[in-house]
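# Next comes the sequence, and after it the predicted model I'd like to discuss.
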Amino acid sequence: MNIFTILALIGGLVMFLYGMDLMGDSLKKLAGGKLESILEKLTSSRWKGLLLGFIVTAVIQSSSATTVMLVGFVNSGIMKLGQTISVIMGANIGTTVTAWLLSTNDISGTAFVLKLLKPDSFTPVLAAIGLIMNMTAKNDRRKNTSTILIGFAILMFGMDMMSGAVEGLRDNPTFTNLLTAFSNPIIGILFGTIFTAVIQSSSASVGVLQALSMSCLIPYSTAIPVILGQNIGTTITPILSAMTGNTDSKRVALTCLYIKMVGVAIVAGVFYLLNALLNFAFMSADVYVSPTTIAVIHTLFNIVSTVILIPFCSLFEKLAVKTIKNKKDEKELDAFAALDERFLEMPSFAVEKCKDLVNDMAKISFESFKKAANLVKNYDEAVFSEVEALESMVDKYEDKTSSYLIKIAGRNMSLNDSKLVTELLHCVGDIERISDHALNIAEAAKEVHDKGITFSDKAKSDLEVITAATNEILSLAVDALIGEDLEKAAFVEPLEQVIDKLKRVIKTGHITRLRQGDCTMELGFILSDLLTNFERISDHCSNIAVCFIEIAHDSFETHEYLKQVKSGGTNFDEMFEVYNEKYYIEN
């Protein structure tokens, strides 16, 4: 093997792996986190889990990605160890789909239809279509579809390069002896395991074997043990991923290894025992595999081992639990366990997890405001402590979620996901400030209570009006954010303007009462503080709604939007009058 052959082989392998990676990433983006969400929720039965594992892996073309996803789910408390086992088995079958796609290289014949089905014929066409689509794409779906086509074309081109590079090795005695050594089951399985562990993809390593089989004479006696080893080697990815996880996530990775090892031991044991007794003709040194027969062997192994092992899912769970004991000092899962570093490899799903936390954060802030507002009317020390605790919790949400969103922002993701990350990063700050102002309101109520002073009946009445208006604007903003409701978001800005007006009217009324001696300067300062906090909360609600509206319209020009709203570009005036009448205060 000369230096040029080695370079060509390495170049082909690099192209093959890059094409597979490009195609896999684009398939994940096209799925948009939906597959992960389905997998997260629909694993109530063993057979359903098996089917879902197969479908998800067949779509994203990687059992390693599926099992890493499962490790993350278990580490985050989203799934239980027992739920993942049937999914892992389904993923093992799903990963064989790639081998069948690559086996199209094995199509032969002179008929026009058969020639069209050969990669040499359709791959350049796919590449050209993908390139044109990529250059003209105006949305994520079209862009990702084009990248899938380009990735597949690169993958096939790399496969052809590898096949061409090793074509001269067919009659090379050194290479032939090497292949003969791999026909020893133990050596073959060990080689397949190590090679796949290095490149961390059984689909890729099986593809390399298929490429070699197109030009070199690889006997069944060599291919079978290598394929069995490749199935074990692919478990290295979840094992590495679980090293930093909790006990259950480590058990998931170990279960992946156990399933493969037990499957290989049973299938290999039975097969080689039968071969010793029956002396299978295809196991002779002069019978060779093709890309299609490699796909068949790969698929048969995973189907047969799954059929044998699926009744014993609970035993695998018990084995993993016995192997890795519970840690006495292991911390319980908290609300932020879903922000798992593993999900960063699946940006769409990671963004969805952040969206869920931001929604929870908004609900907590809203609850904090309602409790604080009630303290103004009926002070209770226990409720005040609850408001403090809620504010502290929101601070933690803001810190954890913002940090995670920044990590996601550095990943390669779709345009829609990028827009959502931008929206969430803007919203978390406003939501956190709302809880701060809720605490300020609670502290003002505490001051009134501790000093034994009371507002006048008119001031109480005015405060009830602005409290109701603030409660409604918060409800609109939170519902718009959680439900992605543009209609509710459009009602926020007119109400925000009404609350600004209420603040001015109430302050003017207070000054009048102060001059008449119906109110004190001390109560005036507290009232002003309360009004400022109500008004600031409405401002942050406006920020959330405007951010949501602008990003939904592929823009983020907040000042431009507000200018348009107030200049009559929308039905702002009509909505303003409705709220102005609803929350009217006489001077």
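Cool, got the structure.

# so where's the stretch 1-150 of the chain uncertain?
The stretch 1-150 of the chain contains residues with pLDDT under 70 at 1-2, 28, 31-44, 105-121.

# Helices of that one, start to end?
For the stretch 1-150 of the chain, the helices defined by DSSP state H, counting those that start in this stretch cover 3-31, 34-41, 46-60, 63-75, 81-94, 97-102, 112-117, 119-136, 140-165.

# and residue 445, what is it in contact with?
372, 375-376, 379, 384 (CB atoms under 8 Å, 6 or more residues apart in numbering). Placement of C-beta: from N, CA and C, glycine included.

# swap in residue 288?
Contacts of residue 288 (CB under 8 Å, 6+ apart): 213, 217-220.

# So which of these belong to helices?
Those of the contacts of residue 288 mapping onto helices are 213, 220, per DSSP state H.

# Which of the contacts of residue 288 scores worst on pLDDT?
Within the contacts of residue 288, pLDDT reaches its minimum at residue 217, with 77.

# And for that one, the neighbour number?
Residue neighbour count, defined by other CB atoms under 10 Å, stands at 18 for residue 217.

# From residue 301, how far off is the nearest residue to it once chain neighbours are set aside?
Leaving out its chain neighbours, the residue that sits closest to residue 217 by CB to CB, 6 or more residues apart in numbering is residue 288, at 4.7 Å. As defined by CB to CB, to the nearest Å, residue 288 lies at a distance of 19 Å from residue 301.

# do the same with residue 97
14 Å.

# swap in residue 61?
Distance from residue 61 to residue 301, counting by CB to CB: 18 Å.

# related to what we said a few turns ago, figure out which of the helices of the stretch 1-150 of the chain is closest to residue 201.
For residue 201, the closest of the helices of the stretch 1-150 of the chain is helix 63-75, at 6.0 Å, according to CB to CB.

# tell me the angle of the closest one relative to helix 46-60?
Relative orientation of helix 63-75 versus helix 46-60 (axes from the mean of the first three to the mean of the last three CA atoms, to 10 degrees): 130 degrees.

# List the buried residues of helix 63-75.
Residues of helix 63-75 classed as buried by neighbour count (16 or more other CB atoms under 10 Å): 63-75.

# which residue ranges form the helices in the stretch 201-350 of the chain?
Under DSSP H, counting those that start in this stretch, the stretch 201-350 of the chain gives helices at 202-215, 220-233, 236-242, 247-278, 291-309, 313-323, 347-377.

# so what does the second one touch, helix or strand wise?
Counting contacts by 3 or more CB pairs under 8 Å, 6 or more residues apart in numbering; DSSP states H and E, helix 220-233 packs against helix 173-182, helix 185-199, helix 202-215, helix 247-278, helix 291-309.

# Make CSV out of those helices and add mean neighbour count and distance to residue 549.
Converted to CSV, the helices and strands packed on helix 220-233 look like this (neighbours: other CB atoms under 10 Å; distance: least, CB to CB, whole Å):
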stretch, mean neighbour count, distance to residue 549
helix 173-182, 14, 63
helix 185-199, 19, 47
helix 202-215, 25, 43
helix 247-278, 19, 40
helix 291-309, 20, 49
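
# mean pLDDT lowest for which of those?
Minimum mean pLDDT among the helices and strands packed on helix 220-233: helix 173-182, a mean of 72.

# any residues touching it, and which ones?
1, 169, 187-188, 191, 216, 218-219, 222, 225-226, 285.

# So which of the residues you listed is the closest to residue 346?
Using CB to CB, these come closest to residue 346 at residue 226, 30.3 Å.

# Look up the closest residue to the closest one, ignoring the ones flanking it.
In space, residue 226 is closest to residue 192, 4.0 Å off (CB to CB, 6+ apart).

# so who does the one you found touch?
205, 225-233.

# let's go with 7 Å and repeat that
By CB atoms under 7 Å, 6 or more residues apart in numbering, residue 192 lies in contact with 225-230, 233.

# how close does it sit to residue 373?
Taken as CB to CB, the span from residue 192 to residue 373 is 67 Å.

# go on, residue 239?
Residue 239 is 52 Å from residue 373, by CB to CB.

# Kindly report the same for residue 274.
78 Å.
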